Each structure stands twice: as structure tokens, then as C-alpha cells.
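In: Show me the folded form of this:
(one chain, ligands or ions: 1)
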Amino acid sequence: MTKIALITGANKGIGYEIARLLAEQDVTAIVGARDEERGRAAAERLGQPYVRLDVTIEDSAVAAAKWIEREYGALDILVNNAGISAGLAQALPSTTPARALREVYETNVFGVVTVTNAMLPLVRRARAGRIVNMSSELGSLTMAADPDSPFADANFIAYNSSKSALNMITVCYAKELKDTTIKVNAANPGYCATDLNGHSGFRTAEQGAAIAVRLATLDENGPTGAYLQDDGVIPW
Ligand code: NAP
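Out: The predicted structure is shown next:
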């Protein structure tokens, strides 16, 4: 039977590529996007369905879940991809106002919890649900604390800490769901050229999407509660 996937923030960037690559594997890849025009345009390009979804608005997540339930009855794959960086330029923690963290957390952290909780009843109905959270290497506490890490100077308090929180959220859900067939993992796409970073990344969005697609299509022997990139585990 065709698997059903929801990808949040799929109108562009890595999310769009995740939807495209899943659709290539005959998955029905629902394009979740907050802007109807951009979302529908992307979905049309992909030949996939669209659902309006602003991850920061609980009513929007609940309405999207109701629509998916009506249309498909269950959800096999949830990719929590939507994310913002909201001014990585505000690098110094001491000059970054707390409201900047709140803004980023609304999407990157609270948004993931909102969408996951809205969709989980549908994921539980799937035969082997997969939840993928788009994290970042910038969320790795181990790498951030290593002065020799290539990211040692990328000291973006709002974005980086939001992804560290997302990593813990991934572990929390994986633990709650450990006795089910659902697997919950965090993906690091690497540094990809997208709007998020003014297209400064050295990888393509398609390359970044690959790990999420792999985690979205894990078989029953795959990991859960893990933090992974193309070449394997990355340190928390
Ligand atoms: P992007 O091109 O800026 O795309 C971000 C997507 O998230 C857009 O579709 C955007 O929609 C959507 N979005 C933002 N806020 C939303 C909300 N409240 N509700 C629904 N959708 C929302 O960025 P990207 O690089 O593809 O990023 C995708 C994910 O990968 C993010 O979680 C990011 O943190 C992560 N990541 C990226 C990199 C990288 O190097 N690019 C590295 C590590 C991790 P709009 O078009 O409406 O704004």
C-alpha cells in the first residue's frame, strides 16, 4: 500500500527535496506549507497533495491532521522539517535579545511538538510510523564545545540551542514510543545552500534531503532515538 508522508515546510529548500525524493519512491508526499499560494505551487510542481500548515499555530496543525485523517486515515511518515534561523548574524549571545530565542523556538522547537502531538494519533495507526526531526550539526553540544570543531565559531545562541532542544525532544518521543513500531530520529542535513543561510551552504538541498528520506523509510531494524547524518551517527 502507498505510504503517506507529511513534510512540514515543503514549499522550498530541503523540505521540497524531501517531498520530491519520497514521491520518487511512490510515497504520497503531502506538502505542508503555511502560505497557500507557495504551498500549492510547490505541490503542483511535484504532483503531490498540499495541506496548509503553520507549525506555530496549534489550530492549523489540528486542522491539517483532521484533513489527513479524512483523506488517508493514517500517516506513515512525519518529517518535521520547517525551521527558521531568524538572523544568524546576531551571533553574540550577549547582544541577542531573549525575544529572538522565543521567535526561533516557536518554529524549531514548539512547532515540532505541536505538529507531532497533532499527528501522532494518525502515525500510531500506520503499520510502522517514522518521525524525522530536521536538526543540525549546530545543535550538537559535543561539537559546539570542541574548539577544534569546524563549527566552533558558529556560536548562534538562538538557532543552535533550538536544535539542541530538538535533539532532546527527539529522544523524549523515541523513549515514549519505544514499545511501538514507531521510530523517531533526528537528521543532520549538513550545510546546504538554501534561503535559510542566504545560499551560503556547500551542499545542495537535495543532498541535505537524503538523510531525512533514509530515516523516513527505515526498515524495522533501523535505529530510533538517534542523531544521524549521511555517514552515520553524530555526537549529541
Ligand atoms: P528554507 O529554504 O528557509 O526552508 C524553510 C522552510 O520552513 C520553508 O518552507 C518555510 O516556509 C518553512 N517554515 C518556516 N516557518 C514555518 C512555519 N511557521 N510553518 C510552516 N512552515 C514554516 O530552509 P532549509 O535550509 O530548507 O531548512 C529546512 C530545515 O533544515 C530547517 O529545519 C533547518 O533548520 C534545517 N537545516 C538546514 C541546514 C542548511 O544548511 N540549510 C543545515 C542544518 C539544518 P516559508 O517559505 O513560508 O517561509
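In: Could I have the CA atoms of stretch 103-110 written out in PDB?
Out: C-alpha atoms of stretch 103-110 as PDB (Å, rounded to 0.1, in the frame of the first residue of the first chain):
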ATOM      1  CA  GLU A 103      10.800  33.500  17.900                       C
ATOM      2  CA  VAL A 104      13.100  30.700  16.800                       C
ATOM      3  CA  TYR A 105      11.900  28.300  19.400                       C
ATOM      4  CA  GLU A 106       8.300  28.900  18.300                       C
ATOM      5  CA  THR A 107       9.100  27.200  15.000                       C
ATOM      6  CA  ASN A 108      12.100  25.000  15.600                       C
ATOM      7  CA  VAL A 109      11.100  23.600  19.000                       C
ATOM      8  CA  PHE A 110       7.500  24.300  20.000                       C
END
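In: Let me see the residues that make contact with that stretch.
Out: Stretch 103-110 is contacted from outside by 55-56, 82-86, 158-159, 162-163, 165-166, 169, using Cβ atoms under 8 Å, 6 or more residues apart in numbering. C-beta here means a position set from N, CA and C on the backbone, and glycine is covered the same way.
In: pLDDT on stretch 153-167, on average?
Out: What stretch 153-167 shows for mean pLDDT is 95.
In: cool, stretch 59-69 as well?
Out: For stretch 59-69, mean pLDDT is 98.
In: starting at the chain centroid, how far to stretch 149-163?
Out: 18 Å (Cα atoms, centre = their mean, to the nearest Å).
In: near the ligand at all, it?
Out: No: contact between stretch 149-163 and the ligand is absent, the nearest approach being 6.8 Å (criterion: Cβ under 6 Å from any ligand atom).
In: Next: stretch 45-64.
Out: Yes: counting by Cβ under 6 Å from any ligand atom, the ligand has neighbours in stretch 45-64: 53, 54, 55, 56.
In: now the end-to-end length of that stretch.
Out: 21 Å (Cα to Cα, to the nearest Å).
In: next one: stretch 41-55
Out: 19 Å.
In: same check, this time on stretch 31-49
Out: 6 Å.
In: distance between it and the chain's centre?
Out: That offset, for stretch 31-49, works out to 17 Å (Cα atoms, centre = their mean).
In: what is the mean pLDDT for that stretch?
Out: Predicted confidence along stretch 31-49 averages 98 (mean pLDDT).
In: List the single closest residue to the residue nearest the centre of the chain in space, sequence neighbours excluded.
Out: Nearest to the mean C-alpha position of the chain, by Cα atoms, centre = their mean, lies residue 81 at 2.5 Å. The shortest distance from residue 81 to any residue other than its chain neighbours is 4.0 Å, reached at residue 15 (Cβ to Cβ, 6 or more residues apart in numbering).
In: Can you read off the pLDDT for that neighbour?
Out: On pLDDT, residue 15 comes in at 99.
In: On the three-state scheme, it is what?
Out: helix (DSSP: H, G, I helix; E, B strand; the rest coil).
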